[in-house]
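Trainee: Starting from these lines, generate the structure:
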Amino acid sequence: MVEAITTRHFDEVLAVLSAIDDETMPVAQRVEQLVRGMIGVHNINPALHRVLLEEAPHIEGLKSAHETFETEYLRRYTALVASSGNRRSRESVVVAAQVLSAAVAGVIHDAAHRGTLGTPILKRELVAMMTAYLLNRC
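Mentor: Next up is the predicted model:
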């Protein structure tokens with residue numbers, strides 16, 4: 001049961017990231033959509049999500065699914081960073097994707113833990129942070 005719930009959550013998160021693959025969409029719009037989607041996915045059942053975060057990575061049967069998810073998750077963030085219009089080396093794009101994806105996950109998971117995930121100011125601040133990072137870096 002934990003495997004099925006975790007796999008479904010992974011699929012939901014990757015679906016949010018898939019929805020912003022359209023590089024013709026402005027970066028700010030893609031970020032807005034990503035934040036709205038991530039909040040939505042994580043706001044469904046925050047208590048269950050906390051359990052999955054703490055327990056799922058340690059379940060033997062989920063290690064492969066978790067690794068597959070992490071690879072695809074980072075690939076999609078890398079594509080977002082690469083398409084943001086800033087000139088970065090390939091190595092810098094990958095590192096920036098790691099930083100950005102970790103920052104977003106940290107903010108989302110912390111807000112779910114604190115019960116502040118649905119607040120408009122959290123969404124606004126997360127969008128501002130991501131947009132500034134993507135558009136204002138050299």
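
Trainee: hey, where'd the strands end up in the chain?
Mentor: In the chain, no strands are found when defined by DSSP state E.

Trainee: Output the below-cut-off pLDDT ranges for it.
Mentor: Under the criterion pLDDT under 70, the flagged ranges of the chain are 2, 46-47, 49-61, 137-138.

Trainee: Distance-wise, check the residue nearest to residue 20 when sequence neighbours are not counted relative to residue 84.
Mentor: Closest residue to residue 20 apart from its sequence neighbours, by Cβ to Cβ, 6 or more residues apart in numbering: residue 30 at 4.2 Å. Where C-beta positions appear, they are placed from N, C-alpha and C, glycine not excepted. Look at residue 30 and residue 84: by Cβ to Cβ, to the nearest Å, they are 9 Å apart.

Trainee: Equivalent analysis for residue 103, please.
Mentor: Residue 103 is 15 Å from residue 84, by Cβ to Cβ.

Trainee: Pick out whichever of the two has more residues nearby.
Mentor: A direct count of neighbours by other Cβ atoms under 10 Å for residue 103 and residue 84 places residue 84 higher, at 22 against 14.

Trainee: can you map out the helices along the protein?
Mentor: Under the criterion DSSP state H, helices of the chain are mapped to 2-18, 27-42, 46-55, 63-82, 90-114, 120-135.
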